[in-house]
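K.L.:
predicted structure and sequence below. I'll ask about it afterward.
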Number of protein chains: 2
Amino acid sequence: MITGKNYIGNKLSAKGSKTYTTFNPQLNKENEFSFVEATPEEIDQAVLQAKNAYAEFKEVSGKRKAEFLNAIADGILALDDSLVKTYCSETGLPEGRAMGERGRTVGQLRSFAELVKEGSWVEASIDSAIPNRTPAPKPDLRKLLIPLGPVVVFGASNFPLAYSTAGGDTAAALAAGCPVIVKSHPMHAGTGELVASAIVKAAEKTNMPNGVFSNLNSSGIEVGVALVQHPSVKAVGFTGSIRGGRALFDLASQREEPIPVFAEMGSVNPVVILPDAVQNRGAALANTYAGSITLGTGQFCTNPGLLLGIKGEALTSFIKNLSDAIIKIEPSCMLHPNIIGAYESNRRKAVAQKGLQVVADYQSDVQTNYARQTVSTVEGKTFLENTTLHQEVFGPYSIVVQCEDVDQLEQIISKLEGQLTGTIIADDSELSRYPRIVSALQNRVGRLIYNGVPTGVEVCPSMHHGGPYPSSTDSRFTAVGIHSIKRWVRPMSYQDWPDSQLPDALKDSNPLGIIRLVNNGLTSDKL
Amino acid sequence: MITGKNYIGNKLSAKGSKTYTTFNPQLNKENEFSFVEATPEEIDQAVLQAKNAYAEFKEVSGKRKAEFLNAIADGILALDDSLVKTYCSETGLPEGRAMGERGRTVGQLRSFAELVKEGSWVEASIDSAIPNRTPAPKPDLRKLLIPLGPVVVFGASNFPLAYSTAGGDTAAALAAGCPVIVKSHPMHAGTGELVASAIVKAAEKTNMPNGVFSNLNSSGIEVGVALVQHPSVKAVGFTGSIRGGRALFDLASQREEPIPVFAEMGSVNPVVILPDAVQNRGAALANTYAGSITLGTGQFCTNPGLLLGIKGEALTSFIKNLSDAIIKIEPSCMLHPNIIGAYESNRRKAVAQKGLQVVADYQSDVQTNYARQTVSTVEGKTFLENTTLHQEVFGPYSIVVQCEDVDQLEQIISKLEGQLTGTIIADDSELSRYPRIVSALQNRVGRLIYNGVPTGVEVCPSMHHGGPYPSSTDSRFTAVGIHSIKRWVRPMSYQDWPDSQLPDALKDSNPLGIIRLVNNGLTSDKL
């Protein structure tokens, strides 16, 4: 049941007077529940409880953390219809998407449960003492990863389950041993509260310390600012706009004790279509890309917003095919009137730029909150000179740049801002003929894709979701997959520490049976 | 031979008009050579060459990078007497220390050579495609670590070899595949130039791209500021004061594209002496700690500047023993008049604090630039209330805090700023009786030491040298040991990339024979 209250640890709380509602973009009207914004006192309470919970939670075994994470996954599934319906009413997304995203969320929780149950993720390392070494004895040194402390998670508007309340950031932080305070996303506060209730029940059921999780309602920026500035908060996860992510990064960097902010932000995900490919299969590519550009109404951070090709007949005909294909696709609903408002405004700004030509613009009337898919094209020189054209238009919009030649293509790639992904579409043997294009693209992205589309982010260890700024604030960490746990930990060394007092992961007998680096060799043997 | 010029890539250059000299603190006079400060034009050239070198250097094999690193080590040894003499003349440190530090530096270079020659450090990971998976096929994904780009290294005044020109930061960055621009430390510019000449010769000998290394002279802050703000610089390494490190961190965070700064800064390295230990072996401990506090004239980031015990007869007698032992130690020379000036000023400020009692103060006349070792003591309550007493006094100074009880001891530990190390001195079974003390100390430090001294930082994989702010700007990375290479890299994923075009580390056949995570299991097998 949705109460509209905050969770301060395991307790519902609504001390504030400021309320807000969520919005159903399909029906174009407000939803029935009203949410009470967290007060400064409630924020303090949540952080204090998280700080106290940390002392206990950091010592909880991997096996017990796995029980907790699996109990959250079970609890989310148990919410069943009520969750799916709330999700759809707060996002305008179809039921199939809700079910798919729920599956992804549950899958992420279970994969972190597996990871911490197995235990080798702590990167345990042991160097034995050499007491008779000269000129000085070598001490015994052992190292492992420990949790940073309370983490604040800002949910993503476009992933109300997989990157919000119990999404990737929360799952990874809890797995690491960090208490989590979620700044609930105002656009899906009901979905958020339902998921929060599942987390709180799971925490109680598996005897986790009270305060290991809190969920704070917030319609403006005040709650988020107070959380990021709180001295007891030790790290921040965020998925959203460049403006929002950068503001949090700046706040965190300016603290007396700066803390890491992992913000996964904007990206236009450049797609380079090499000449042979566009010549030989331009029509098929056009269909594939019309689908990728409009998938989920273009509301993905990996949406292909920039296609780069070499000027010529083949590219002209690709543009024609792409335009034809994209206007045949029925428009679909965006998440919220604010999102469609931003889309319309950014789209208008983009297409008003000098030299830009709109080649496809869905013309018929569309329902309120539905987005018109749009494709534009521009000369390489014009694109190079006008960085406004490099900016993301969040929604079903893409621009095709017609480069003069390969040199200009390389120059354009080098001038792009950092990106989550870069795609190369090529025919057999074509890739090897453009090493400088590949090298330039690699410098700007976190993931290179060959003959595919950037939409669709597989959850697996080899996925890197993150890239040079501003696609993320820290290109060194992924937001997707089990290695995202590394965002929430730091190494700790023990020197000459008595075996009985060491964490299990570092004991001589290797009671956890994990893989460790022992005197420079990986092994699961005891010492 | 020392020319006083900058190295812009492989070329000596001295376009500026501002010059400075280094200083011999033992002789209390300036050294003979004069150094020409780098101009803005030279800074630009060095960065541009580094950027261009990066395109080639990032593709250089581990085997060839190992040859380069070993050639640097050989070159440093070949400098022989000229290096040792210059080192001593610019630091006042004895020849034995110079030889020891040279050994450490060469050892670090060779251990990074081993690491990259073996190759598994790139954390290669492969998830195979499942083309017939429903509802969507699983793509082939592969991931490895790639270098960030040009790195700027600021050398440490107190480690002219091991943490300067070819020190840990430079060795790790070159091993990672990042070109390095060193902002030479003005206090040992001659030592720096000699080492730079060895690096440049090694780069030429092993055919590394010109620009893979530059060395810029600088007596003020301008050169460093320009380097950190340069858009083509991608990361910064620094060892020095909190003020200096924080200033660089702020500059880097405020860039349009923020970049990581790994600053290893101040620390008082708290040492907790538990009651049984001080009771049973206070006299021996006093001798050990008198040695640790004065080692290298106290000029180590791991110097024990804060001893914490529980009030009582045993602690009183420990303080007496420590005082007696420390004033028996002959004063020694500090690195530079500026350093001794800062020591005297910080020491005076500390001992002038209300409630502080100086218990040992070397009284005889000392030579110019020599430091008087000092021990003071204070009540726990006074220490808690006055954070000036928590600040580092860089030099042979330590304060003993007499806590009322264990609760106050825990409270004091919790209120400390972040530290590189924390030490617990305990008798058998005593450690297990103070779990809250251990937990509190763990939250504030990067390395826990049992019954030892914090001075002496072993170079091995299990060493973590770094800790919560302000001991370092990023507690997640170590500045010592092979894992320090992780500061200079980011992950890169390849999706459905043709095998022949993948980096060797990710090819099916595993031509490098490295250990990889393949479909969730570690193996060196081919696919």
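P.N.:
Done, it's in. Predicted, not measured: the structure shown is a model, and the values here were computed from it.
K.L.:
which bits of the stretch 251-400 of chain A sit near chain B?
P.N.:
For the stretch 251-400 of chain A, the residues in contact with chain B (C-beta under 8 Å from any C-beta of the partner chain) are A:253-254, A:257-258, A:260. For glycine as for every other residue, the C-beta is placed from the backbone atoms N, C-alpha and C.
K.L.:
show me which pair in the residues you listed is furthest apart.
P.N.:
Farthest-apart pair in those is A:Q254 and A:P260; separation 13.7 Å (C-beta to C-beta).
K.L.:
more neighbours, the two?
P.N.:
A:P260 (23 against 12; other C-beta atoms under 10 Å in any protein chain shown).
K.L.:
what's the more buried one sitting at in phi/psi?
P.N.:
Note on A:P260: its backbone torsions stand at phi -70, psi 140 [degrees, to the nearest 10].
K.L.:
excluding chain neighbours, what is closest to it?
P.N.:
Leaving aside its sequence neighbours, A:P260 sits nearest to A:A235 (C-beta to C-beta, 6 or more residues apart in numbering or on different chains; 5.0 Å).
K.L.:
the one you found pairs with what?
P.N.:
A:V151 (DSSP bridges).
K.L.:
I'd assumed A:P147 was in contact with it.
P.N.:
No: contact status for A:A235 versus A:P147: not in contact, 9.5 Å apart, counting by C-beta atoms under 8 Å.
K.L.:
overlap in contacts, those two.
P.N.:
A:173, A:178, A:488 (C-beta atoms under 8 Å, 6 or more residues apart in numbering or on different chains).
K.L.:
would you format those as TSV with secondary structure included?
P.N.:
Formatted as TSV, the shared contacts of A:A235 and A:P147 follow (DSSP: H, G, I helix; E, B strand; the rest coil):
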residue	secondary structure
A:A173	helix
A:C178	coil
A:W488	helix
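K.L.:
what residues does the residue of the stretch 251-400 of chain A at minimum distance from chain B make contact with?
P.N.:
Relative to chain B, the nearest point of the stretch 251-400 of chain A is A:S253 (3.8 Å; C-beta to the nearest C-beta). Applying C-beta under 8 Å, 6+ apart, one finds that A:S253 lies in contact with A:261, B:249-250, B:253-254, B:258.
K.L.:
any idea how far A:V489 is from it?
P.N.:
Here the criterion is C-beta to C-beta, to the nearest Å. By it, A:S253 lies 20 Å from A:V489.
K.L.:
what of A:I437?
P.N.:
Where A:V489 is concerned, A:I437 sits at a distance of 37 Å (C-beta to C-beta).
K.L.:
which one of the two has more residues nearby?
P.N.:
Comparing A:I437 with A:V489 by neighbour count (other C-beta under 10 Å), the higher total belongs to A:V489, at 24 against 20.
K.L.:
from what I can see that one touches A:I146, true?
P.N.:
Yes: using C-beta under 8 Å, A:V489 is in contact with A:I146, at 6.3 Å.
K.L.:
next, show the common contact partners of the two.
P.N.:
Contact criterion C-beta under 8 Å, 6+ apart; residues bridging A:V489 and A:I146 by contacting each: A:G177.
K.L.:
ok but A:T382 is inside a strand, no?
P.N.:
No: A:T382: not assigned to a strand; according to three-state DSSP it is helix.
K.L.:
quick one: contacts for it?
P.N.:
For A:T382, the contact set (C-beta under 8 Å, 6+ apart) comprises A:354-356, A:389.
K.L.:
let's go with 6 Å and repeat that
P.N.:
With contact set as C-beta atoms under 6 Å, 6 or more residues apart in numbering or on different chains, A:T382 has these partners: A:G355.
K.L.:
quick one: it from B:A176, how far?
P.N.:
Here the criterion is C-beta to C-beta. By it, A:T382 lies 38 Å from B:A176.
K.L.:
now the residue nearest to A:P179 when sequence neighbours are not counted: which helix or strand?
P.N.:
Using C-beta to C-beta, 6+ apart and skipping residues adjacent in sequence, the residue nearest A:P179 is A:A50, 3.9 Å away. For A:A50, the element it lies in under DSSP states H and E is helix A:40-57.
K.L.:
and the angle for whichever helix or strand comes after that helix with helix A:40-57?
P.N.:
As assigned by DSSP H and E, the chain's next helix or strand after helix A:40-57 is helix A:62-91. Here helix A:62-91 runs at an angle of 150 degrees relative to helix A:40-57 (axes from the mean of the first three to the mean of the last three C-alpha atoms, to 10 degrees).
K.L.:
so which elements touch helix A:62-91?
P.N.:
When contacts are defined as 3 or more C-beta pairs under 6 Å, 6 or more residues apart in numbering or on different chains; DSSP states H and E, helix A:62-91 sits against helix A:95-118, helix A:189-205.
K.L.:
and of the ones you listed, who's closest to B:H230?
P.N.:
helix A:95-118 (39.1 Å).
K.L.:
show me the contacts for A:N287.
P.N.:
Residues in contact with A:N287 (C-beta under 6 Å, 6+ apart) are A:A325.
K.L.:
how about a cut-off of 10 Å?
P.N.:
Each residue near A:N287 by C-beta atoms under 10 Å, 6 or more residues apart in numbering or on different chains is listed here: A:321-322, A:324-326, A:328.
K.L.:
tell me the pLDDT of it.
P.N.:
pLDDT recorded at A:N287 is 97.
K.L.:
assign it to helix, strand or coil.
P.N.:
Here A:N287 is recorded as helix under three-state DSSP.
K.L.:
over to A:R133?
P.N.:
Following three-state DSSP, A:R133 is assigned to coil.
K.L.:
phi, psi of it?
P.N.:
phi -70, psi 140.
K.L.:
neighbours of it, how many?
P.N.:
A:R133: 10 surrounding residues under other C-beta under 10 Å.
K.L.:
how about the contacts made by the residue in the stretch 1-150 of chain A that chain B sits nearest to?
P.N.:
Proximity of the stretch 1-150 of chain A to chain B (C-beta to the nearest C-beta) peaks at A:L141, 3.9 Å away. Going by C-beta under 10 Å, 6+ apart, A:L141 touches A:125-129, A:493-497, A:506, B:447, B:449, B:458, B:460-464, B:481.
K.L.:
out of the residues you listed, which are buried?
P.N.:
Neighbour counting by 16 or more other C-beta atoms under 10 Å in any protein chain shown classes A:125-128, A:493-495, A:497, A:506, B:447, B:449, B:458, B:460-464, B:481 among the contacts of A:L141 as buried.
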